[in-house]
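Asker: The following comprises the amino acid sequence and a computationally predicted model.
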Amino acid sequence: MPVTTTTSGSLPRTPALIEANAARALADDGFTLRSTPEFEALTAQAVADVVERQRDAGITLVGDGEFGKAMSNAVDYGAWWSYSFQRVSGLALTEAGAFSAFSAVDPPVRRSEPGAVRLTSFPDRRDRVLFPDVYAQAVETGRIATAFPTTTGPLAYRGQDAVASDIRNLTAALHDGEQGFLTAIAPGSAARVHNEYYADDEEHVFAWAEALREEYRAIVDAGLLLQLDDPSLAENYDQINPAPSIRDYQEFTRIRVDAINDAIAGLPKEQVRLHLCWGSWHGPHTTDIELADILPVILQARVGSISFEAGNVRHEHEFGAWADAAVPDDLVLVPGVVSHATNVVEHPELVAQRIRRYTHIVGEDRVIASTDCGLGGRIHPDIAWAKLESLGAGARRA
């Protein structure tokens, strides 16, 4: 039997879907996008098409490509986070939040992160400080421009109709007996908006856990696999300037893992997958934290599987960290064996070699081969689909 294959969520949206999203009207709050029956029908058909295309490429655990997640602009990545702004109340656009992720303007320090370990704004990220010309070019080419809201009141979930639509579109596209998954932002990553309401960082993160719990349960109750997207677990390290000690960062991260466990309490863990990455933007990533330094904390998440970057050249060498770690006997590993970070399409034999690294550690029945991170918007769609075909071919070889 071939190794099971999947993706980490985001897949290239069709030009029609991107154009229709860009044409959507903004609500009065300035960041929520209104929907129409026509847009919903377009999305449903796009999900059906992308599921079929995944099957054709050899993907056996399929997703909806994140097509149901509202983009805050016309760029086809970033919806994994910004969609949450549309589904949670208690947020508003303020002067602190209304800045581009690549802006040269440093917004005010967040109230919610006092003490030695505090997130900074994107312009002060250590990788950006080391490579200013690289990131300046990203600004000039208009890579991203997203308005981030601020938590100004009690957070509460209001995305019932939206998640129901996501569930309906994916389940309609699945064959009888076929498994599918939907992504949802984890509390720690969602909480990386400014906070003017909650007393401190921990209270803010756990408020997001409480608000998002309803979305998580809806996905699991529908019989789908829930993937919790939490780049913050690794990526936050680069966003703390000066660099914290490893011990301090582990404690900072532990709060976010505890919030995950709080949010998924009572859910069958075999239906919950955690996605870990170091941020999918195309940068040097020289200030990424080592996997071995955070893995003991990550493994405290009460999930059935963990998706992580294993093909990214900055982190491919770290398979040894899994061999050295106290990996629970029932944990399934979901390594990324094709990468969003290069236009070069991996040879199927390389894909097979990468898969075998992990089957040698935990066994063939506990490995699902995947993509490093979301492919949508990071590479040309034709390259993305070629990578998925190579993923399928490599899994058959493995």
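Answerer: Cool, got the structure.
Asker: For the rest of this, base every contact and every neighbour count on C-alpha atoms.
Answerer: Will do.
Asker: Can you give me the end-to-end span of stretch 330-341?
Answerer: End-to-end span of stretch 330-341 (CA to CA, to the nearest Å): 30 Å.
Asker: So which bits of it are buried?
Answerer: Leu331, Val332, Leu333, Val334, Pro335, Gly336, Val337, Val338, Ser339, His340, Ala341 (16 or more other CA atoms under 10 Å).
Asker: now stretch 364-375
Answerer: For stretch 364-375, a neighbour-count test (16+ other CA under 10 Å) marks Glu364, Arg366, Val367, Ile368, Ala369, Ser370, Thr371, Asp372, Cys373, Gly374, Leu375 as buried.
Asker: quick one: low-confidence parts of the stretch 51-200 of the chain?
Answerer: 72-77, 95-123, 138-147 (pLDDT under 70).
Asker: what are the ranges of the helices in it?
Answerer: 79-87, 126-130, 132-140, 160-173, 187-190 (DSSP state H, counting those that start in this stretch).
Asker: Against which helices or strands is the shortest one packed?
Answerer: With contacts defined as 3 or more CA pairs under 8 Å, 6 or more residues apart in numbering; DSSP states H and E, the secondary structure elements packing on helix 187-190 are helix 79-87, helix 201-221, helix 232-235, helix 246-263.
Asker: could you check the distance from His175 over to Phe31?
Answerer: With CA to CA as the criterion, His175 and Phe31 are 36 Å apart.
Asker: now Gly78
Answerer: Relative to Phe31, and taking CA to CA, Gly78 is found at 14 Å.
Asker: who's more crowded, these two?
Answerer: Taking neighbours as other CA atoms under 10 Å, Gly78 and Phe31 compare with Phe31 leading, 23 against 20.
Asker: contact partners of stretch 379-397?
Answerer: Here stretch 379-397 makes contact (CA atoms under 8 Å, 6 or more residues apart in numbering) with 1-5, 11-12, 54, 57-59, 337-338, 340-343, 345-352, 355, 369-370, 375-376.
Asker: switch to 7 Å and redo it
Answerer: Residues from elsewhere that reach stretch 379-397 (CA atoms under 7 Å, 6 or more residues apart in numbering): 2-3, 5, 12, 57-59, 338, 340, 343, 345-349, 351-352, 375.
Asker: What's the mean pLDDT across the helix or strand Val334 falls within?
Answerer: Element membership for Val334, per DSSP states H and E: strand 332-338. The pLDDT scores in strand 332-338 average 98.
Asker: Against which helices or strands is that strand packed?
Answerer: In terms of contacts (3 or more CA pairs under 7 Å, 6 or more residues apart in numbering; DSSP states H and E), strand 332-338 is packed against strand 305-309, helix 348-362, strand 368-371.
Asker: nearest to Leu17, of those?
Answerer: strand 368-371 (22.5 Å; CA to CA).
Asker: helices or strands next to that closest one in the packing?
Answerer: Contact partners of strand 368-371 among helices and strands, from 3+ CA pairs under 7 Å, 6+ apart: strand 4-5, strand 332-338.
Asker: do that again at 8 Å, thanks
Answerer: So strand 368-371, by 3+ CA pairs under 8 Å, 6+ apart, packs with strand 4-5, strand 332-338, helix 381-397.
Asker: Other residues contacting it?
Answerer: With CA under 8 Å, 6+ apart as the test, strand 368-371 has contacts from 3-8, 307, 309, 332-340, 355, 391, 395.
Asker: switch to 7 Å and redo it
Answerer: Under CA under 7 Å, 6+ apart, the answer for strand 368-371 is 3-8, 333-339, 355.
Asker: That one pairs with which strands, and in what direction?
Answerer: Strand 368-371 has the following strand partners under DSSP bridges: strand 4-5 (parallel), strand 332-338 (parallel).
Asker: in the stretch 1-150 of the chain, which spans are strands?
Answerer: Ranges of strands within the stretch 1-150 of the chain are 4-5, 62-63, 88-92, 150-157, based on DSSP state E, counting those that start in this stretch.
Asker: Take those and lay them out in a markdown table including distance to Gln137.
Answerer: Output for the strands of the stretch 1-150 of the chain, formatted as a markdown table (distance: least, CA to CA, whole Å):
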| stretch | distance to Gln137 |
| --- | --- |
| strand 4-5 | 35 |
| strand 62-63 | 33 |
| strand 88-92 | 30 |
| strand 150-157 | 28 |
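Asker: so which of these comes closest to Tyr249?
Answerer: strand 150-157 (23.7 Å).
Asker: in its sheet, what does that closest one sit against?
Answerer: Taking DSSP bridges as the criterion, strand 150-157 forms sheet pairs with strand 88-92 (antiparallel), strand 194-195 (parallel).
Asker: quick one: contacts for the spatially most central residue of the chain?
Answerer: Centroid check for the chain by CA atoms, centre = their mean gives Asp229 as the closest residue, at 3.6 Å. Listed by CA under 7 Å, 6+ apart, the contact partners of Asp229 are Thr183, Ala184, Ile185, Ala186, Leu274, His275, Leu276.
Asker: hang on, the earlier thing: pick the most deeply packed of the helices and strands packed on strand 368-371.
Answerer: Mean neighbours per residue, mean count of other CA atoms under 10 Å, is largest over the helices and strands packed on strand 368-371 for strand 332-338, with a mean of 28.
Asker: Return the distance of that strand from the chain's centre.
Answerer: Mean C-alpha position of strand 332-338 versus that of the full chain (CA atoms, centre = their mean, to the nearest Å) differs by 14 Å.
Asker: hey, C-alpha coordinates of it in PDB?
Answerer: Provided in PDB are the C-alpha atoms of strand 332-338 (Å, rounded to 0.1, in the frame of the first residue of the first chain):
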ATOM      1  CA  VAL A 332       1.300  10.200  13.400                       C
ATOM      2  CA  LEU A 333       4.000  12.200  11.700                       C
ATOM      3  CA  VAL A 334       3.100  14.300   8.700                       C
ATOM      4  CA  PRO A 335       6.400  15.600   7.200                       C
ATOM      5  CA  GLY A 336       6.400  18.000   4.300                       C
ATOM      6  CA  VAL A 337       8.300  16.200   1.500                       C
ATOM      7  CA  VAL A 338       7.700  18.800  -1.200                       C
END
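Asker: returning to that earlier point: for the buried residues of stretch 330-341, which one is nearest Glu19?
Answerer: Closest approach to Glu19 among the buried residues of stretch 330-341 (CA to CA): His340, at 23.0 Å.
Asker: Fine by me, we can end here.
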